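Asks: need a structure here:
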Amino acid sequence: MVKEPVTSSPFYAWFRVIRPANLIIIFISIVVLRESYGALVKNSDWLLECLITLPLVFLAAGGNIINDYFDIKEDRVNKPERALVGIVLKRRIALISHWALTTVGIVLAACLCWKIENYIPLVIAVALSILLFFYSTKLKGRVLVGNVAVAAAISSVIPFAYADQIDTSMTTLMNITIFLWEFGALLGLTFVIVFTREVVKDIEDIDGDKKAGHLTLPIAYSPQTSWRLVGALTLILIGSVVWITFSSEFNITKGLFGGITLVITYFTWQKKATQLSAWLKLLLAAGLLLCYVNSTGSPV
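Replies: The predicted structure follows:
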């Protein structure tokens, strides 16, 4: 039985396509990351905080639209009730919305550069907009390349959130070295979690991806190969939990992070892609909470 679209309203369809829940998560993530590092300006320069939090929100909204624009075939197989572009929302409106939102995001990033006298936000914004566009048009259907692109795009939230804390008077190499020294573990763990989830989603979406002519890992090789990779990545997550647990005093938040990782390990063993994808997303949220709690020194 063919499922009908969740809405017949073009406006509501547009609203769903930009994925407001994901945009709110991005916004909250940047705020939490800045608060965890002590970079959040309280009751002071709210213009600065808006310029730091909003560019990636607009870029992500534009990226979500262009992704659905090029995903019509597979979406009609994998999630027909949510395949709205080309059915409820006109393709022309979707394309114009993508460019408009992306432009606003880049302009806001440029304003942030002027505000903090630092070129890094604009570099990240332009690179991210290009990456999101080519992910939707070229990279998504290639073995692991699309997975790496998404993981890199989401991980870019971390350097963007701390852009005003980077001293650009130093050499680029020195800036990169200092940044990796301070945030390398957080950046690496975020990348691994998102990359793992993208590999799992490829297993979930194998039927639609085949119809669209994509060549993802489970299609090019086999779902078993993908599960072996997921298993290896899960071992990295387990190792990270052990390191986090013993690197400092134990608290409830660390226990939550470890408990979610154990659930992820179970669903990996059982090869339950849908459940595993959901718990990996929850692990990202737990990681944000862990960053905040550790920064405040709370025993929670």
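Asks: the bottom helix or strand of the chain by mean pLDDT?
Replies: The weakest-scoring helix or strand in the chain, judged by mean pLDDT, DSSP states H and E, is helix 72-78 (a mean of 66).
Asks: just want the most central residue of the chain.
Replies: residue 154 (3.1 Å; C-alpha atoms, centre = their mean).
Asks: correct me, but that one touches residue 192?
Replies: No: when contacts are counted by C-beta atoms under 8 Å, residue 154 is not listed as touching residue 192 (11.4 Å). Every residue, glycine included, has its C-beta placed from N, CA and C.
Asks: pLDDT below threshold where in the stretch 51-200 of the chain?
Replies: Where the stretch 51-200 of the chain drops to pLDDT under 70, the residues are 73-82, 168, 170, 172.
Asks: could you do the stretch 201-300 of the chain as well?
Replies: Residue ranges of the stretch 201-300 of the chain with pLDDT under 70: 294-300.
Asks: may I have the helix or strand where residue 266 lies as PDB, with CA atoms only?
Replies: Secondary structure assignment for residue 266, by DSSP states H and E: helix 252-270. Output of helix 252-270 as PDB, limited to C-alpha atoms (Å, rounded to 0.1, in the frame of the first residue of the first chain):
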ATOM      1  CA  ILE A 252      26.000  10.100  36.600                       C
ATOM      2  CA  THR A 253      26.400  11.700  33.100                       C
ATOM      3  CA  LYS A 254      29.400   9.500  32.400                       C
ATOM      4  CA  GLY A 255      27.300   6.500  33.400                       C
ATOM      5  CA  LEU A 256      24.600   7.600  31.100                       C
ATOM      6  CA  PHE A 257      27.100   8.000  28.200                       C
ATOM      7  CA  GLY A 258      28.500   4.500  29.000                       C
ATOM      8  CA  GLY A 259      25.000   3.000  29.300                       C
ATOM      9  CA  ILE A 260      23.900   4.300  25.900                       C
ATOM     10  CA  THR A 261      27.100   2.900  24.400                       C
ATOM     11  CA  LEU A 262      26.300  -0.500  25.900                       C
ATOM     12  CA  VAL A 263      22.800  -0.400  24.300                       C
ATOM     13  CA  ILE A 264      24.500   0.600  21.000                       C
ATOM     14  CA  THR A 265      26.800  -2.400  21.300                       C
ATOM     15  CA  TYR A 266      23.800  -4.700  21.900                       C
ATOM     16  CA  PHE A 267      21.900  -3.500  18.800                       C
ATOM     17  CA  THR A 268      25.200  -3.700  16.800                       C
ATOM     18  CA  TRP A 269      25.500  -7.400  17.800                       C
ATOM     19  CA  GLN A 270      21.800  -8.000  17.000                       C
END
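Asks: residues in contact with that helix?
Replies: Outside of helix 252-270, the residues within contact range by C-beta atoms under 8 Å, 6 or more residues apart in numbering are 227, 230-231, 234, 237-238, 241, 244-245, 275-276, 279-280, 282-283, 286-287, 289-290, 293-294, 299-300.
Asks: of those, buried ones?
Replies: The neighbour count (16 or more other C-beta atoms under 10 Å) marks 227, 230, 234, 237, 241, 244, 276, 279-280, 283, 286-287, 289-290, 293-294 as buried among the contacts of helix 252-270.
Asks: so which of those residues sit within helices?
Replies: Residues of the buried ones among the contacts of helix 252-270 located in helices (DSSP state H): 227, 230, 234, 237, 241, 244, 276, 279-280, 283, 286-287, 289-290, 293-294.
Asks: what's the closest of those residues to residue 31?
Replies: The closest of those to residue 31 turns out to be residue 289 (C-beta to C-beta; 12.8 Å).
Asks: nearest residue to that closest one in space, please, no chain neighbours.
Replies: The spatial neighbour of residue 289 that comes closest, neighbours along the chain excluded (C-beta to C-beta, 6 or more residues apart in numbering), is residue 253 at 5.7 Å.
Asks: equivalent analysis for residue 225, please.
Replies: Sequence neighbours aside, residue 217 is the residue nearest to residue 225 in space, at 6.4 Å (criterion: C-beta to C-beta, 6+ apart).
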